[in-house]
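Asker: pasting the structure only:
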């Protein structure tokens, strides 16, 4: 429980200032995002239709419109039902094959890293959706090799590690840009590149 | 008695998990409780209490009401379900609204609500009751407190645990703006500058949009905490309990940066595991949690206050204080109190 003496109190105050600036930036970004959201919503066809309906419902021809409103309500209910069914499909694991479930090594990328010797069966895909579905399906843990970094896989990285998976970061393109996703993958995998344990 | 709880989001955690807890508690006293979720946002994959959980993609609420013939239906923050909750034209079912949201946008629907179709309104805290009364003056809400999960969240003897190598902190919630999720990462940087090596686990955000998740990774890079921060998008209660206990043992804490909460379930569960809080000073926390060194109330926008709180978190905090807090929470938010409050709220109209 100390302010690092080597770095001194000045550094601590400096970091507080940096953090304050970042806090402000975060709030400003959020404000701008919300403003943009409002502008988008107000410009959307749904909003315009709503405004038009509101005008009509306040006018004397309101009664004549009641049947149309009922019709649109039914239409909306039908659309909602369809959307709910679509959502359900998003979260199912139907796309996971038996081969994917039984493989001991999963590779997320275009090919298996050169020189990698697997102990059991290998399942490989470059589809983030398929790999996400496989990881969400559970089953016995093995080795997961990430050859590129994408959001849906990285958000599952710690969850699968907690479930016992050993995750290796083995990029296809070693000279690739060090963006936020790559840095996170490299920092949080069990091993980097040739399997050296971090 | 037969009851249906209806809610829009079948999500892991939050209100959905609370409903599962209530269902189990009701079963113990012979109340048959069915849960209806309009959407399945991942809850279907989680083990539930022996069934009686339904999703909108399989059955409509109206059909479920007609099939189950409940004594009462409680609709949680989903006004679009209120009409369907009444069942058929003949033999209308009493419908209660259960308000768990506290955000300005979340509560906006109350202003357009036709209160005369409701038999009553329930809320989890007096704080929420105040918010709801401000919107719906004609109906006094009944406080039905949340239930805590003491099966998964409890203290464990330190003898059975190996001491973590670094001080562990934890932040739990959806990656929503009202949770101030960005502050979690900013505070990881702050804790690192004060305490040296630390680890912050962010838990939640399974349903976060891809763009939001990308923002999280970008902020981690920007704050230079890629080695300190890990994100677990979804977790089981048993594993979450272990994380809280690890935090407690390592001399860490749970960070709560929310702008608002209706109860603070995750914070209460952390306390049950002996994990202290560094929490935004919200009115609801003053109602739910007693004064204790286990709860450091701070203004989350005042960095100096937060920095001082980090410095005050103790290694091996007073076991007696931890025990007192745990016993208080178990007593105040246990099954007995919940069932008593629930019966008092609904039985008047049956």
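Answerer: That came through, no problem. For clarity, every value in this text was computed on a predicted model and none was experimentally measured.
Asker: list the buried ones in the helix-or-strand element of chain B with minimal mean pLDDT?
Answerer: Lowest on mean pLDDT, DSSP states H and E among the helices and strands of chain B sits helix B:104-107, with a mean of 88. The neighbour-count check on helix B:104-107 (16 or more other CB atoms under 10 Å in any protein chain shown) flags B:106, B:107 as buried. For the C-beta atoms, the positions are set from N, CA and C on the backbone; glycine is no exception.
Asker: chain center to the helix or strand just after it, what's the gap?
Answerer: Per DSSP states H and E, the first helix or strand lying C-terminal to helix B:104-107 is strand B:120-123. Distance, stretch centre to chain centre, for strand B:120-123: 18 Å (CA atoms, centre = their mean, to the nearest Å).
Asker: other SSEs contacting strand B:120-123?
Answerer: Packing partners of strand B:120-123 (3 or more CB pairs under 8 Å, 6 or more residues apart in numbering or on different chains; DSSP states H and E): strand B:95-98, helix B:126-135, strand B:142-143, helix B:335-346.
Asker: ends of stretch B:71-80, what's the gap?
Answerer: 20 Å (CA to CA, to the nearest Å).
Asker: hmm, who's touching it?
Answerer: B:1-8, B:15, B:19, B:38, B:65, B:81-82, B:85-87, B:93-101, B:106, B:109, B:112-113, B:119, B:122, B:346, B:349-350 (CB atoms under 8 Å, 6 or more residues apart in numbering or on different chains).
Asker: what about 6 Å?
Answerer: Applying CB atoms under 6 Å, 6 or more residues apart in numbering or on different chains, the contact partners of stretch B:71-80 are B:1-8, B:15, B:81-82, B:85, B:93-98, B:100-101, B:109, B:346, B:350.
Asker: model confidence over stretch A:33-43, on average?
Answerer: Average pLDDT, stretch A:33-43: 80.
Asker: can you give me the helices in the stretch 51-200 of chain B?
Answerer: B:61-68, B:82-85, B:104-107, B:126-135, B:181-195 (DSSP state H, counting those that start in this stretch).
Asker: okay, the ones you listed in a markdown table with distance to chain A next?
Answerer: Converted to a markdown table, these look like this (distance: least, CB to the nearest CB, whole Å):
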| stretch | distance to chain A |
| --- | --- |
| helix B:61-68 | 11 |
| helix B:82-85 | 10 |
| helix B:104-107 | 10 |
| helix B:126-135 | 21 |
| helix B:181-195 | 4 |
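Asker: out of those, the one nearest residue B:308 is which?
Answerer: helix B:181-195 (9.4 Å; CB to CB).
Asker: tell me which other helices or strands that closest one touches.
Answerer: The elements that helix B:181-195 packs onto, with contact taken as 3 or more CB pairs under 6 Å, 6 or more residues apart in numbering or on different chains; DSSP states H and E, are helix A:8-43, strand B:198-203, helix B:303-312.
Asker: report how many residues lie close to residue A:147.
Answerer: Using other CB atoms under 10 Å in any protein chain shown, residue A:147 has 19 other residues around it.
Asker: likewise residue B:340?
Answerer: Count around residue B:340 with other CB under 10 Å applied: 12.
Asker: okay, it and residue B:122: tell me how far apart.
Answerer: Counting by CB to CB, to the nearest Å, the gap from residue B:340 to residue B:122 is 13 Å.
Asker: ok, residue B:336 next?
Answerer: For residue B:336, the distance to residue B:122 - CB to CB - is 17 Å.
Asker: settle it for me: which of these two has more neighbours?
Answerer: More neighbours surround residue B:122 than the other of residue B:336 and residue B:122, with 22 against 10 (other CB under 10 Å).
Asker: shaky segments in the chain?
Answerer: Defaulting to chain A. A:1-20, A:23, A:53, A:56-71, A:80-95, A:175-176, A:194-198 (pLDDT under 70).
Asker: if you could check chain B rather than the one you did, that'd help
Answerer: For chain B (pLDDT under 70), the answer is B:47-50, B:158-161, B:315-317.
Asker: which parts of it sit against chain A?
Answerer: Selection of chain B residues close to chain A by CB under 6 Å from any CB of the partner chain yields B:39-40, B:42, B:56-57, B:177, B:182, B:186, B:190, B:193, B:210, B:213-214, B:217-218, B:221, B:226-227, B:230-233, B:303, B:311.
Asker: redo that, cut-off 7 Å
Answerer: For chain B, the contact set with chain A under CB under 7 Å from any CB of the partner chain comprises B:38-40, B:42, B:56-57, B:177, B:182, B:186, B:189-190, B:193-196, B:210, B:213-214, B:217-218, B:220-221, B:226-227, B:230-235, B:239, B:301, B:303-304, B:307, B:311.
Asker: ranges for the helices of chain A?
Answerer: A:8-43, A:45-58, A:62-90, A:98-102, A:128-136, A:151-162, A:180-188 (DSSP state H).
Asker: quick one: closest of the helices and strands packed on strand B:120-123 to residue A:26.
Answerer: helix B:126-135 (25.9 Å).
Asker: roughly how far out does the closest one sit from the chain middle?
Answerer: 18 Å.
Asker: coming back round to it: quick check on the contacts of stretch B:71-80: which are buried?
Answerer: Judged by 16+ other CB under 10 Å, buried ones among the contacts of stretch B:71-80: B:1, B:3-8, B:15, B:81-82, B:85, B:93-98, B:100-101, B:109, B:346.
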